[in-house]
Structures are given as C-alpha cells and as structure tokens.
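[1] Predicted model follows, preceded by the sequence.
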Amino acid sequence: MIASSSAPQSRSHNSKSNRWTEFRIIPRLETFPWAVAFAQTVLGKVILLSLFCLGLFLTAYHPFPVLAFTLAVALITFMPAYRRHVMTIAPVAIAVRCYFKQPLLLGLNLALMALGMLLYWCVMRWPKSLFAKRPITFLLSGFTAVILMACLVMRGTWSYTPLWGLVGTLSSYLWYFCYAMIDRNSQPGRDATLELSTFGPLWGQNHIPIPKGAAYLRRIEAKNPEQLAIVQLKGLKLLVWALLLIFFQSVWLRFFHAYLRIPTSDQSLAMSVHQTPVVWHLRWESLILAFFESILSLSIWGHQIIACCRMVGFNALRNTRSPLYSTSIIEFFNRYTYYFKELLVEFFYYPTFFRYWMAHRRMRMIFATFAAVFFGNIFFHFTENWTIIQDKGLWNAIVNYQVFAFYCIVLTAGLSISQLRKHSSKPTGFIRGRVIPIIGVLMFYCLLNVFSFPGKSYPLVEHLKYLASLFFIHF
Amino acid sequence: MNSITEIHEFVQGLLTGNGDEKPLTDSDSLFDSGRLQSIEAIEIVLYLEQNFGIDFAKIGFDREQLDSIEAIHALTQSACKIA
C-alpha cells in the first residue's frame, strides 16, 4: 500500500519521452531514498514538522490551533507507538475546544460519541440482531425521526433548542457512525479506540468522513519508520501543492472577477432572474469560471485535510485527483470528490445492488446508481443543511430542494449511461480518444452546475430559463 | 488455465481499460491503492457471480475481500467450499 523508496531506480532507465510524462512541479521526494532516509533522522523530522507547521500557518485550514496540531503530530512522529492514544484523545479535545462556552452542545457532542461507541459495541456483541444486519437503515431512519420530532416542536418551547441542537450535532456524526457500524466485519482486528478517534479525527471533522472509517485507516496506517517518513513526505508535498493552488486561486479571482469584471455564476443567475441579464458571452464565461473555481476550491480543501492526515501517518488517497483528465462522466465523478463518492457507494449503491433486481444486470446498476446519486445525494445534503429545515419548516425545505433534485436526476442519468457504455468500443487516437471525450465530460458537468445549488435556489423554471438563454432560447 | 490466472487476466483487463499499464502482482492492492474505483468492484462481483457462481446476497459483500487477486482467489475457494 505504501510505496517503497526503491521505486525510482527503474524510472532512471526510462526513455526521454517518459521523463516528460513523469515531470512533476513538486518532485516526488518520497521516491528519493536519500530524502526518505533523511526524514527518519531527528533533524529530518524536525525540519519536516517545521515546514509543515509553517505551511499550515499560510493556509486557512486549521483543524486545531496550528501549534497544537503540530505538537500532536510531533508526538506521533517521535513516538509512533502512541499514535492511537493521541488520536483517541482528539475527538474529546476538539469537542471541548469548540464548545467549552456552550455546555448544551458540549454535552450533546460527548453524549453522541458515547452513543456511537455503544452502538458499535452492540453491533459487535449481537452480530445476528436486526440492528447489526441493517445498521445503516436504522441510523438513517432514526435520524429522520429525530428531524421530524424537532419539526413538530414549536419555537419557544423548552425542548426546541435541545432538539435542534441534537439534530445539528447528530448530523455531523451520522456518517462517522455509519462507517463504524459497517466496520464490524473488517480485518485485521478491530480496535475500539481507533473507532472513537474517527468520530473527531485529528485532521478535522467534516460532514464527509475523510478518509472514511477505522477499517480503512487500519489498512493505510504507516507500519514502520520508513513508511511513516514516506507518508509524511507525501503529506508535506500535498500541503505545498495546496499552497500553490491557493496562490493560483487568488490570482485567478483577481484577474477574472476584479480585473476583467466577469460576474460570478450566482450573480449572473440572479441578474437573469431579476430581468437584467448580462450579455450572453458573460453568462458563458461566468458559468465556465464557476466550474473551474469549484474544482479549485474543492481541491484546496481536500488537499489540506489529506495532507494533515498523512502527517499523522495514514497514507490516504487524495479527495480530488486530476478531474480534468476524465474521459467519462463516471470517471469525473470518481476523481472530483473521492470520499463523498465513496460514502454514496458504501451506504447506498452497494446495499441496493445486492438486494434488488438481482436477475437484471443493467437494472441492478441503474437502480443502485439512482439510490446513491439521487436518494443518497439528496439525503446527505438535506441533513447536512439542517438549518434550512429549522428556518423554513420541513415542507418549504423540501420544496427548496427541487433544483437540486433535478441536478441529481440528470447526474443519475449521466452516470448510469456512462456505466453501461463502459464496455462499448471506445474511439482511439489522441483527438477522438482523449480530447473530444474530455471536452464532452467537462461540458456536461459545466452545464449541470447551473442546477448545483443544494437548498438555496430560485424556482427550477428560473434555472431552466437561464440554461436555455445560454443557447439563445428565451421563454 | 487455473482460477487465479483467470482472475488475474480479468483484473488486468479492467486496469488496462482504465489506461493503467503498470505491472500487477497477485498481492497488489486494487481499491485501497486507487488503481480500481469502488464502482469497478461491481464488475468483479458480476464476473464472480457469473463464472464462479458466488452469491453475494447470501455470503455478504465486503470490498476488502476483493482488494487483491489473492483475496479474490481466496474468496472463490471459500465460496466453493461453502457450496
């Protein structure tokens, strides 16, 4: 799993053309034996940690105060045997740090962590129980029941604040619990402390568990000093890459939006809705820019988290990996936001695929894709943005999701077709085999972005009008 | 041709289809290393259902059991014993 440091020797014999394809803006330090050896020395570790700490200061991503995070990573680097101890303390420390002035939320966080561990224990203790067999169904329906209960409570009553507090806190732990529940069959051996540590990872808690649950962490953990050095070098490299992207993003935004005064996609859509549309080429420009900006900001966000995770000693895959190279819709979906896609696949796609339409190969795939990309995607965003339900009420919140539901339907159709076409003969050659498919995929996602506004949007018809206006169709 | 060779050829075909021409050993990680995507586990599942008669609805699906050619081969062996 973790690359050996001897890999680069074979590359030295490669042809000149291969050298060009192997070219990297940031050298592959983890494949240089001297760098790996140096990163295992005391001086090397200190330099590595100092550079990472400096890099974190320059980013806006601070899962912990930077010095506290660096201290924890330093402890893990010099005493890797204590990695899991440090990680186990992290969820509690993060909760106390974030909510020490809000006793209700602090209590809810600690109670839910205890609940998560209890549920994990129950699944282990009674593996044949109905709950252990269908933990995800239980968790998702349980959470839905809590939301419905909170919706029934009137504003101003004593139970209103605690119930919505519970909804908010539970929404941030829900998918971590799901991963813990499916961890029951995982090999090698289970570890309750590692399960707890995933509820509030040292590298920061998000609604999407990055990088998945304890089972995955066990498989990608650095097992010896050489592997730790390699993983940490990769972590540092990724942080440097994130910093370069941050710089590029700042230049991009200044050039296109401040200097050339191209409106953002939101502004352009709002102006169209308010009957003062910008000229057609600006609508296209803002749409294309918004698409690339979303890739850029998602890459920066994901790279920072994965860089921190790698510094702790876990060789996680990147969240976003060269999406612009995708030659199919399904490939782009895989490359764009890896861990969100994994979440949808693990909790919606696989369970549906192994339960329904068993005798029909194509229907199995299409139905499983629908379960993941339509139902799972909407459920995730609906519960993630629970404040919309609190503010607008359940029905209005559902209505608010009409545009996003349309987005999910089109995406489901695109991904289903892409999966079914995977085995058809593909055109060959650079232009027909690479360039044209890439342009087609980017165009699909770029246009789909018109509808990518989970929870906060204009009526669907306004988005459709905006899309049509890009092709000079007005209604 | 024995089953591990067949499995190897099938997985190699999936990788080649993705433009992955790197050498593949039987113990190489397929999913955790990112060489295959989670959706492609379904391709392997369909192949195993069709060619080895494995019923995942019955034995339960765990992607770790498909993470290398050795693991897939072990799965086919244990499934044959159960059958």
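    Arrived safely, thanks for sending. Residues are numbered from 1 along each chain as shown, chains lettered A, B, ... in the order given.
[2] in chain B, which spans are strands?
    Counting by DSSP state E, chain B has no strands at all.
[3] Low-confidence bits of it, can you list those?
    Along chain B, segments meeting pLDDT under 70 span B:1-2, B:80-83.
[4] near chain A, which residues of it show up?
    Selection of chain B residues close to chain A by C-beta under 8 Å from any C-beta of the partner chain yields B:17, B:29, B:32-34, B:37-39, B:41-42, B:45-46, B:56-57, B:60-64. Yep, even glycine has a C-beta here, placed from its N, CA and C like the rest.
[5] per-residue confidence at A:Lys465?
    As predicted, A:Lys465 sits at a pLDDT of 92.
[6] ok, it - contacts?
    By C-beta atoms under 8 Å, 6 or more residues apart in numbering or on different chains, the contact set of A:Lys465 is A:Ser272, A:His474, A:Phe475.
[7] quick check, nearest of the residues you listed to A:Asn449?
    The nearest member of the contacts of A:Lys465 to A:Asn449, counting by C-beta to C-beta, is A:Ser272 at 14.7 Å.
[8] A:Ser469 is in contact with that closest one, correct?
    Yes - using C-beta atoms under 8 Å, A:Ser272 makes contact with A:Ser469 at a distance of 6.5 Å.
[9] Among those two, which residue is more densely surrounded?
    Just comparing A:Ser272 and A:Ser469: by other C-beta atoms under 10 Å in any protein chain shown the higher neighbour count belongs to A:Ser272, 18 against 15.
[10] quick one, phi/psi of that one?
    phi -70, psi -40 (degrees, to the nearest 10).
[11] Then A:Glu221?
    For A:Glu221, the backbone dihedrals (degrees, to the nearest 10) come out as phi -70, psi 140.
[12] rewinding a little: check the contact lists of A:Ser272 and A:Ser469 and give me the overlap.
    Listed as contacting both A:Ser272 and A:Ser469 by C-beta under 8 Å, 6+ apart are A:Arg283.
[13] Show the contacting residues for A:Ala132.
    A:Cys122, A:Val123, A:Trp126, A:Arg184.
[14] What pLDDT does the model give it?
    Predicted confidence (pLDDT) at A:Ala132: the value is 88.
[15] Could you do A:Phe430 as well?
    Model confidence at A:Phe430, given as pLDDT, is 80.
[16] among the residues of chain B next to chain A, which ones are buried?
    Neighbour-count burial (16 or more other C-beta atoms under 10 Å in any protein chain shown) applied to the residues of chain B next to chain A gives B:32-33, B:37-39, B:41-42, B:45, B:56, B:61-64.
[17] Low-confidence regions, the stretch 251-400 of chain A specifically.
    Ranges of the stretch 251-400 of chain A meeting pLDDT under 70: none found.
[18] 90 instead, please
    A:265-266, A:272-278, A:280, A:327, A:354-362, A:392, A:399-400 (pLDDT under 90).
[19] circling back: quick one: which of the contacts of A:Lys465 is nearest B:Leu24?
    When the contacts of A:Lys465 are compared against B:Leu24 (criterion: C-beta to C-beta), the nearest one is A:Ser272, at 51.3 Å.
[20] Many thanks, we can stop here.
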